[in-house]
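Engineer: turn this into a model:
(one chain, ligands or ions: 2)
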Amino acid sequence: MASASFVHVTKHFPGGDVAVDDLCLEVADREFMVVVGPSGCGKSTMLRLLAGLETITEGVIKIGDRVVNDVPPRNRDVSMVFQNYALYPHMSVFDNMSFGLRMQGFARPAIEERVFRAAEALGLGSLLGRKPPQLSGGEQQRVALGRAIVKDPHVYLFDEPLSSIDAKLRAELRVDLKRVQKGLGTTSIYVTHDQVEAMTMGDRIAVMKDGVLQQVAPPKEVYDHPTNVFVAGFIGAPAMNLIPVTISGRFLKGSAVEVELPYSSRVDRAVLGIRPEALSDRPAPRTPTLEMKIDVAERIGSDQFIYGMAGGDGIVARVDSSLQVRRGERIRLGIDVRHIHLFDVHSGQAFM
Ligand SMILES: Nc1ncnc2c1ncn2[C@@H]1O[C@H](COP(=O)(O)OP(=O)(O)O)[C@@H](O)[C@H]1O
Ligand SMILES: [Mg+2]
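Structural biologist: Ligands and ions are numbered 1, 2, ... in the order given. Okay, the predicted model is just below:
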């Protein structure tokens, strides 16, 4: 097992944009790192660079203490799982999972030990004799994960392995995969565009945009203290409300909000960030409020999200599911000022 590091790594595809831009990221030994960002932000390229499937333009990649820039893929000792796994349809689950080990010349007892252990961890113990067409999509994906896990590499690389699976199974596999990884203790980099996967699976998450790393931190820290407007808007669903405001001294003023800050600011304009749960339909006395005209209410089990307009700004708030609201109704929402964010209007950087 080993750490994996990108040191000032840049990847420039000929005739294309910079896919990965001066990336510095160290994934600790045994850590589960989730890399998250929108499509095209360079996630797959990062994994392919680490696996040796693409050459880097600049920088250094290390697995453990070893610089692997010039090490061919088969000698890097990483194991990769893709979204579009391909199993051998005529081979049993056992043979699919053990194929790589047989190619590497492992002896039968060692192969069996590893396959049985991985199958057990993934709940495939009773399916080893079946062939892929006799399995559900989720079971097939477990086999694909198992095939990577049996190799016992230094690092697992997962490239959106759950994104083609239906929601219920995805939620189950999320938990299974995280449990298996913790059990094996193998350093893992898991790439996804899904912020829910990032929040639930990562020991830390690395948020990417346009090839540039925006923030690396444990999920809660990224959620509570997003470093800039992009991260604030990307992590969390529904997204954080972002409202343009002017500031004079201690007073923030937007098209429909006024908030007194605990200190005075020297900046005269900013973007105010308020998470949906920092708005309340039962404001305490003297809490600053905003008035919202409701467009749509969405009930999801224990919570309800209400969407609408406050002045010129689209707003979403999380309220109690028992609250009855009508389209077009006006509602006054309290703002929890302990949980507001301020971002620079030009750079987008957080300053509070
Ligand atoms: N082989 C390639 N040739 C040229 N451009 C590429 C190649 N692979 C990826 N890119 C570009 O690099 C950027 C990052 O792609 P990718 O790493 O696949 O993003 P993600 O996995 O986050 O969706 C995109 O702009 C993509 O078009
Ligand atoms: Mg990709």
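Engineer: make it CA atoms for all contacts and neighbour counts henceforth
Structural biologist: Noted.
Engineer: now for residue 295: which residues touch it?
Structural biologist: Residues near residue 295 by CA atoms under 8 Å, 6 or more residues apart in numbering: 306-309, 327-328.
Engineer: again with residue 227
Structural biologist: So residue 227 contacts 214-215, 349-350 (CA under 8 Å, 6+ apart).
Engineer: ok, residue 288 next?
Structural biologist: 257-260, 334-337.
Engineer: which of those has the most neighbours?
Structural biologist: residue 335 (25 neighbours; other CA atoms under 10 Å).
Engineer: from residue 297, how far out is it?
Structural biologist: Computed as CA to CA, to the nearest Å, the residue 335 to residue 297 distance reads 19 Å.
Engineer: what's the answer for residue 21, then?
Structural biologist: For residue 21 relative to residue 297 (CA to CA), the value is 41 Å.
Engineer: skipping its backbone neighbours, what lies nearest the residue in the stretch 101-250 of the chain that ligand 1 sits nearest to in space?
Structural biologist: The stretch 101-250 of the chain approaches ligand 1 most closely through residue 211 (6.9 Å), counting by CA to the nearest ligand atom. Residue nearest to residue 211 in three dimensions, not counting chain neighbours: residue 20, with 4.1 Å by CA to CA, 6 or more residues apart in numbering.
Engineer: what's the helix or strand for the one you found?
Structural biologist: strand 18-27 (DSSP states H and E).
Engineer: whatever helix or strand comes next after that strand packs against which elements?
Structural biologist: Next helix or strand after strand 18-27 toward the C-terminus (DSSP H and E): strand 32-36. The contact analysis (3 or more CA pairs under 8 Å, 6 or more residues apart in numbering; DSSP states H and E) places strand 32-36 against strand 187-192, helix 195-201, strand 204-209.
Engineer: tell me the residues of the protein that contact ligand 1?
Structural biologist: For the chain, the residues found near ligand 1 under the criterion CA under 6 Å from any ligand atom are 13, 16, 19, 39-45.
Engineer: and if we set it to 5 Å?
Structural biologist: 13, 19, 39-45 (CA under 5 Å from any ligand atom).
Engineer: which of these are buried?
Structural biologist: 19, 41-45 (16 or more other CA atoms under 10 Å).
Engineer: quick check, nearest of those residues to residue 203?
Structural biologist: Among those, residue 43 lies closest to residue 203 (CA to CA), at 17.5 Å.
Engineer: now the helix or strand residue 214 falls within and strand 32-36, what's the angle there?
Structural biologist: Taking DSSP H and E as the definition, residue 214 sits inside strand 212-217. Compare the direction of strand 212-217 with that of strand 32-36 by axes from the mean of the first three to the mean of the last three CA atoms, to 10 degrees and you get 140 degrees.
Engineer: could you tell me the end-to-end distance of stretch 215-229?
Structural biologist: 11 Å.
Engineer: hang on, I meant stretch 190-205
Structural biologist: In stretch 190-205, first residue to last residue: 9 Å (CA to CA).
Engineer: starting at the chain centroid, how far to it?
Structural biologist: 3 Å (CA atoms, centre = their mean, to the nearest Å).
Engineer: do stretch 75-93 as well
Structural biologist: 23 Å.
Engineer: got the contact list for the nearest residue to residue 208 once chain neighbours are set aside?
Structural biologist: Nearest non-adjacent residue to residue 208, counting by CA to CA, 6+ apart: residue 37, 4.9 Å away. Contacts here follow CA under 8 Å, 6+ apart; on that basis residue 37 touches 43, 192-195, 207-209, 234.
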